[in-house]
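In: return a 3D structure for these sequence lines:
(chains A and B)
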Amino acid sequence: MVNTSVSLCGVTLKNPVVPASGTFGFGYEFNDIYDINVLGAISIKGTTKEPRFGNPTPRIAECTSGLINSIGLQNPGIDAVIEREIPRLREVYKNPIISNISGFSIDEYVECCEKIDAVDDVDIIEVNISCPNVHNGGMSFGTLPENAEAVTRAVKKVTTKPVFIKLTPNVTDIVSIAKACEQGGADGISLINTSQGLRIDLNKRKPIIANKIGGFSGRAIFPIAMKMVWQVYEAVKLPIMGIGGVASAEDVIEMMMAGATAVQVGAENLVNPYACNDIINDLPRVMEKYKINDLKEIIGEAHK
Amino acid sequence: MKQSYLIVSTNEKLTDNVYKMTLTGDMSGIERPGQFVNILLDGLFLRRPISVCDVEGNTLTIIYKVVGKGTEKLSKMKGGEILDILTGLGNGYFTDLSGDKPLLIGGGVGVPPMYKLCKCLIDEGKTPTVILGFNTSKEIFYENEFKALGVNVLVSTVDGSYGIKGFVTDALREVGEYTYVYTCGPEPMLKAVYNAISTSGQFSFEERMGCGFGACMGCSCKTKYGNKRICKDGPVLVKEEIIW
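Out: Reported below is the predicted structural model:
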């Protein structure tokens, strides 16, 4: 028997596979497709202080081995998520819940984290300072080390739950941002959010997406995510949730060898709704193939 | 929703750029007319959503227009090839509100979902009338198939090359009493129908989708009943909730 369990800041995941925020809704609807209790954890849809409709449509453009999205953080707001969505997920799901929080000011991040701190069903807070699809917020906190540190420090003051900061790849130096988060007291780093991209409709001679530029994700960005997980692992002592283009059990293991403790699956869920389930089912086979008995032992192994 | 591997039986050209494909396999995921399937094609990242034209036993019929890379690939498929398809997506049309004399209005590639709906309504003992709208006579398909169901069929063409000259709303003026409206077609047509009908009805919308099953929020719209996902809470909206 192989051991697939990992630990994130004292939270045990029975396997490292986590559906990424924004690709899995609030989770419970996937329970109609497969038993979501197979999942290591779930990172639920990014939540803001106020309800948001998000950006105008079209919000999606296909690319080779991926897609660009510009959803714009559509969500029912923190109060509805706490009162309605998390309890609905908890009815059908027993494993760790990661609450993903976004904001347009430090005060908004703080207010949401303070509210989530009081929710027993939430195990980890993932602070999204990397959304490329909203103005005056989101990614702007994740592109300057001093801002990243300030957000981290502020939210850490209002919660005792482990705080992971989700970083954007759209920066000149990911390491300086990750270090700033560590300096601010982060418990872990999630990376990467989407890489900015653009597609044009040749018939209309206009960008496909209403908001023009969006966030590119999918299998194509896997090597970019790998490189950033690798760099951040070398620079900080915090556990990493690796995200970006993961589509197979082999990808999970590869990203763990680069330094990820857990791995999030994003765009692949949108093509194959069974993706996380398939990857989890396939993990023991791939572990045996590469003679891995315990997944914990391969975290960052490629650096040795 | 169900994931099925369906075998292509036939794939034939109906008009210049509209094709009809039949597939066989497990159809248990399909619950209602007006639902759609989402087809994975080699070399393309996202699936392609296509409305269900008909489903009987283990046979699915879809009718699609070649508009891009996905439908182009689909049009080249041959009998015996296997496709990974998510079936039974979307809410579909609810027939219980139709009354005795429902009116079905399909425009262009909005025509196909009307076919299974028409069969279901007939099975329930109702007497549907069907309006099919096209741009020109060369684009007409499925008129005879609807007629073979024994229903009254009116065809309109924008250029007047066949049937009633004008839009589906021009054909609407020639329809007598009706109790409810079901419609699918391009958004300008849906809006014109919305403004022209005297009863309630169900309208099927189109939007560029990511997943097709409610996960990504790519195809959201605002309604009087709150935000909805065209792929999961739609594609069918009731007249009373639509905001233009």
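In: quick check: closest non-adjacent residue to the residue of chain B positioned farthest from its centre.
Out: Computed with CA atoms, centre = their mean, the residue of chain B farthest from its C-alpha average is residue B:43, at 26.2 Å. Spatial nearest neighbour of residue B:43, chain neighbours left out: residue B:73 (7.7 Å); criterion: CB to CB, 6 or more residues apart in numbering or on different chains. Yep, even glycine has a C-beta here, placed from its N, CA and C like the rest.
In: and the helix or strand where the one you found lies, what's buried?
Out: Per DSSP states H and E: residue B:73 is located in helix B:69-75. Neighbour counts over helix B:69-75 (16 or more other CB atoms under 10 Å in any protein chain shown) mark B:70, B:71, B:73, B:74, B:75 as buried.
In: wait, what's in contact with the residue lying closest to residue A:245 once chain neighbours are set aside?
Out: Counting by CB to CB, 6+ apart, residue A:222 is the residue found nearest to residue A:245 once chain neighbours are left out, at 3.1 Å. By CB atoms under 8 Å, 6 or more residues apart in numbering or on different chains, the contact set of residue A:222 is A:244, A:245, A:246, A:247, A:251.
In: go ahead and confirm the second one touches residue A:227.
Out: When you say that, I think you mean residue A:245. No - counting by CB atoms under 8 Å, residue A:245 does not reach residue A:227; the two are 11.6 Å apart.
In: of those two, which one has the most company?
Out: residue A:245 (25 against 15; other CB atoms under 10 Å in any protein chain shown).
In: residue ranges with poor pLDDT in chain A?
Out: A:135-138 (pLDDT under 70).
In: contact residues of chain A facing chain B?
Out: Proximity of chain A to chain B (CB under 8 Å from any CB of the partner chain) is limited to residues A:22-25, A:29-30, A:32-33, A:45, A:53-54, A:57-67, A:69, A:71, A:74, A:208, A:218-219, A:267, A:269-271, A:273-274.
In: so which of these are in helices?
Out: A:269, A:270, A:271 (DSSP state H).
In: follow-up on the earlier one: ok, so what distance separates the residue nearest to residue A:245 from residue A:251?
Out: 6 Å (CB to CB, to the nearest Å).
In: same check, this time on residue B:208
Out: 27 Å.
In: follow-up on the earlier one: what touches both of residue A:222 and residue A:251?
Out: In contact with both residue A:222 and residue A:251: residue A:245, using CB under 8 Å, 6+ apart.
In: quick one, helices of the stretch 201-304 of chain A?
Out: A:222-235, A:249-258, A:268-271, A:275-289 (DSSP state H, counting those that start in this stretch).
In: nearest to residue B:172, out of those helices?
Out: Residue B:172 lies closest to helix A:268-271 among these, at 38.8 Å (CB to CB).
In: now residue 62. Nearest residue, chain neighbours left out?
Out: No chain in the question, so chain A it is. residue B:46 (4.7 Å).
In: I was thinking of chain B, sorry if that wasn't clear
Out: Residue B:62 sits nearest to residue B:50 (CB to CB, 6+ apart), 4.8 Å away.
In: continuing past the helix or strand that contains the one you found, what's the next helix or strand?
Out: Assigned by DSSP H and E, residue B:50 falls within strand B:48-56. Remark: after strand B:48-56, the chain's next helix or strand is strand B:59-65, criterion DSSP H and E.
In: CA atoms only for that next one - export them in PDB, please.
Out: Extracted C-alpha coordinates of strand B:59-65, given in PDB (Å, rounded to 0.1, in the frame of the first residue of the first chain):
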ATOM      1  CA  THR B  59     -29.700   6.800 -30.700                       C
ATOM      2  CA  LEU B  60     -28.900  10.500 -30.500                       C
ATOM      3  CA  THR B  61     -29.400  12.900 -33.400                       C
ATOM      4  CA  ILE B  62     -27.600  16.300 -33.400                       C
ATOM      5  CA  ILE B  63     -27.700  18.900 -36.100                       C
ATOM      6  CA  TYR B  64     -24.900  21.400 -36.200                       C
ATOM      7  CA  LYS B  65     -23.600  24.300 -38.400                       C
END
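In: next, the contact list for residue A:288, please.
Out: Contacts of residue A:288 by CB under 8 Å, 6+ apart are residue A:2.
In: could you look up the SS state of residue A:148?
Out: helix (DSSP: H, G, I helix; E, B strand; the rest coil).
In: follow-up on the earlier one: relative to residue B:86, how far out is the residue farthest from the centre of chain B?
Out: In terms of CB to CB, residue B:43 sits 18 Å off from residue B:86.
In: cool, and residue A:304?
Out: Where residue B:86 is concerned, residue A:304 sits at a distance of 43 Å (CB to CB).
In: neighbour-wise, which of these two wins?
Out: residue B:86 (25 against 5).
In: may I see the buried residues of the host helix or strand of that one?
Out: In this structure, residue B:86 is located in strand B:82-89 according to DSSP H and E. For strand B:82-89, a neighbour-count test (16+ other CB under 10 Å) marks B:83, B:84, B:85, B:86, B:87, B:88, B:89 as buried.
In: out of those residues, which comes closest to residue A:102?
Out: Nearest member of the buried residues of strand B:82-89 to residue A:102, counting by CB to CB, is residue B:89, at 28.6 Å.
In: can you give me the helices in chain B?
Out: Going by DSSP H, chain B shows helices at B:69-75, B:112-123, B:143-148, B:168-172, B:187-196.
In: now distance to residue A:98 and mean pLDDT too, for those, in CSV please.
Out: Below are the helices of chain B laid out as CSV (distance: least, CB to CB, whole Å; pLDDT from 0 to 100):
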stretch, distance to residue A:98, mean pLDDT
helix B:69-75, 34, 97
helix B:112-123, 39, 98
helix B:143-148, 51, 98
helix B:168-172, 49, 97
helix B:187-196, 38, 98
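In: switch the ones you listed over to a markdown table; also include distance to residue B:178.
Out: Shown next, in a markdown table, are the helices of chain B (distance: least, CB to CB, whole Å):
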| stretch | distance to residue B:178 |
| --- | --- |
| helix B:69-75 | 33 |
| helix B:112-123 | 12 |
| helix B:143-148 | 16 |
| helix B:168-172 | 9 |
| helix B:187-196 | 12 |
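In: closest one to residue B:131 among the ones you listed?
Out: From those, taking CB to CB, the stretch that ends up closest is helix B:168-172, at 4.6 Å.
In: got the contact list for the closest one?
Out: B:103, B:105, B:107, B:131-133, B:154-156, B:163-164, B:185, B:189, B:192-193, B:196-197.
In: with that, I have no additional questions.
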